[in-house]
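>>> below are the sequence and a predicted model for it; my questions follow.
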Amino acid sequence: MQELHARLQALYKRTHRKADSLLTVGDLVLNRSTLQLHRAGRRIHLHHAGIKILQRLMEESPSVVTRDDLETLLWADERPDGDGLRSHMYKLRQAVDKPFHKPLIHTVHRIGYRIAEDDR
């Protein structure tokens, strides 16, 4: 009986660990363990900063993530001159939204960004 309990516990941990490692918004899936990203079954390759931004947006979805939070995530206290975040968001949209019919990444003017199926 104890062996059965141990086997069931191990199975439970494996299945839940795998589910916890996947972030999903609509047809976009990010595997946090492997950092592989797919949308509509198609593999998408992102640079390191893009993965970091996308992961945070997906973790908080459908809530808004402020520009300040994203800049802190990328640069901590060493923020670059200019608008580096806007450049990263442009590249992220080119990879995640442009090739597909429905955009998932939305700008919330003067606040930040969100990722969700709806654009409200």
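Right, received. Where do you want to start?

>>> quick one: distance of stretch 26-42 to the chain centre.
9 Å (CA atoms, centre = their mean, to the nearest Å).

>>> and the helices in the protein?
In the chain, the segments counted as helices under DSSP state H are 2-21, 48-60, 67-75, 84-96.

>>> any regions of this structure where pLDDT drops low?
For the chain, the stretches flagged by pLDDT under 70 are 1-19, 120.

>>> which residues touch the residue most central in space within it?
Note on the chain: the residue nearest the mean C-alpha position is residue 55, at 2.6 Å, using CA atoms, centre = their mean. Neighbouring residues of residue 55 by CB atoms under 8 Å, 6 or more residues apart in numbering: 23, 30, 32. Where C-beta positions appear, they are placed from N, C-alpha and C, glycine not excepted.

>>> can you redo those residues as a markdown table with neighbour count?
Formatted as a markdown table, these follow (neighbours: other CB atoms under 10 Å):
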| residue | neighbour count |
| --- | --- |
| 23 | 18 |
| 30 | 24 |
| 32 | 14 |
